[in-house]
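**Student:** Return a 3D structure for these sequence lines:
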Amino acid sequence: MAFVEKRGTDRWRARYRDPAGKERSRTFTRRVDAERFLTTVEGDKLRGTWTDPASGKTTVAEWSRAWRATKVDLRASSLARLDATLATQVLPEWGDTPLQGITNAAVRAWVARMSADGLSASSVRKAYFALHQMLSAAVADRRIAFDPTMDVPLPPERQGEQRFLTADQVETLADAIESRFRALVLVAAYGGLRFGELAALRRNRVDLLRGRVTVAETLVDLNGKLTFGPPKTRKGYRTVPLPRRVIRELETHMSAYVGVEPDALVFTNTEGAPLRRAGFRRSWWQPAVRAAGLERLCFHELRHTFVSLWVAAGANVKEVSVRAGHSSVAFTLDRYGHLYEDADDAIADRLDALLDSARPSGNAGVRRLSS
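**Tutor:** The predicted model follows:
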């Protein structure tokens, strides 16, 4: 149903049904304008691009509340970071703006202004992606016809210099730290577990016989409240093999410090309570790195070390990606691809050895083609 009817002496009403079947109308002073409007509406319905004109007047602040309530795909810590980004960067700029009032040029100017004001590339990108996700949802809800954040240039994230420990340095650090945390250092360096994954590791997820630990949980400290939850990503669920020597260290640790209950935490503080990152860093980590001569070493750099040690041991990029719980092999290559550069020389050496074993070096035995 779509038609134009006269309303009074100088009014024409265009009546139609939206894609959901709801009757709608709009009044014009000229019949030709009403007919053109209906033609546009019917075309948008056929193309699937029709939007509710009234919904586009919703402000970003109003829409952000409705959108935020649907973010069930994020962990508590990620939601907290999103809330902070909305409160500090997005809503102060866009809160009072209707959804349909945001332009691509305005978004570009906003991104450029944040960068010029000295905000880090990472913070600028987080603010942009928060707005982008919000407006993409508005498009899906037919509130606006298109996402005005598309094709906006963003500042590149500068990759910090990575620090990798040698096996000797890992051993020195393990010797320097409180004995209760010696096994934690070794599992981090040779298993690649994040701090939260280590803090949530339980006895029943350690297979001493097969030499493996299973990562299925992480511990998050959010505003002083400790919460056990799923790993950082879906790929975070994984089983990691450990060297036999590390397993022996882990077995000794569990005999001395871990309760017999299947769900007992493997790594706890000196009172047997769950580890808090800040307390661990202050009380045990920083004194140990100073004693080991590894000033300014971050705990996460043990995860970098894990990758470098596995690459040195001959692990391919797929193996490293799976054991590290990376989101994709592409991420592993982007972050650690330079570690595989020396592997090219090793491959060439192995090919040379293969050729030498098949035929002596030099020209002996080479058939020449006659011209």
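**Student:** The longest helix that the chain contains: how far from the chain's middle?
**Tutor:** In the chain, taking DSSP state H as the definition, the longest helix is helix 121-140. When C-alpha coordinates are averaged (C-alpha atoms, centre = their mean, to the nearest Å), helix 121-140 and its chain have centres 14 Å apart.
**Student:** just checking, what packs against that helix?
**Tutor:** With contacts taken as 3 or more C-beta pairs under 8 Å, 6 or more residues apart in numbering; DSSP states H and E, helix 121-140 sits against helix 60-68, helix 76-85, helix 104-116. From N, CA and C alone the C-beta is placed, and that goes for glycine too.
**Student:** by how many degrees do the longest one and helix 121-140 diverge?
**Tutor:** The one in question is helix 104-116. 160 degrees (axes from the mean of the first three to the mean of the last three C-alpha atoms, to 10 degrees).
**Student:** what comes up buried for helix 104-116?
**Tutor:** Buried residues in helix 104-116, counted by 16 or more other C-beta atoms under 10 Å: 107, 110, 111, 114, 115.
**Student:** From residue 104, how far off is the second one?
**Tutor:** This points to residue 110. Look at residue 110 and residue 104: by C-beta to C-beta, to the nearest Å, they are 11 Å apart.
**Student:** ok, and what's touching stretch 251-270?
**Tutor:** Contact with stretch 251-270 is made by 180-184, 198-204, 206, 208, 250, 272, 274-276, 279-280, as judged by C-beta atoms under 8 Å, 6 or more residues apart in numbering.
**Student:** Take the residues you listed and keep only those in helices.
**Tutor:** 182, 183, 184, 198, 199, 250, 279, 280.
**Student:** quick check, nearest of those to residue 15?
**Tutor:** Among the ones in helices among the contacts of stretch 251-270, residue 199 lies closest to residue 15 (C-beta to C-beta), at 62.9 Å.
**Student:** Model confidence score at the closest one, please.
**Tutor:** On pLDDT, residue 199 comes in at 97.
**Student:** Surely it touches residue 299?
**Tutor:** No: if you go by C-beta atoms under 8 Å, residue 199 and residue 299 don't touch, sitting 11.0 Å apart.
**Student:** Pick out whichever of the two has more residues nearby.
**Tutor:** residue 199 (26 against 17; other C-beta atoms under 10 Å).
**Student:** So, low pLDDT: which residues of the stretch 101-250 of the chain?
**Tutor:** 159-161 (pLDDT under 70).
**Student:** what about 80?
**Tutor:** Regions of the stretch 101-250 of the chain meeting the criterion pLDDT under 80 cover residues 157-161, 223, 232.
**Student:** could you show me where the strands are in the stretch 151-300 of the chain, in order?
**Tutor:** 206-207, 212-215, 218-222, 225-229, 238-241 (DSSP state E, counting those that start in this stretch).
**Student:** How many neighbouring residues does the closest residue to residue 108 other than its chain neighbours have?
**Tutor:** Leaving aside its sequence neighbours, residue 108 sits nearest to residue 152 (C-beta to C-beta, 6 or more residues apart in numbering; 5.4 Å). By other C-beta under 10 Å, the residues close to residue 152 number 17.
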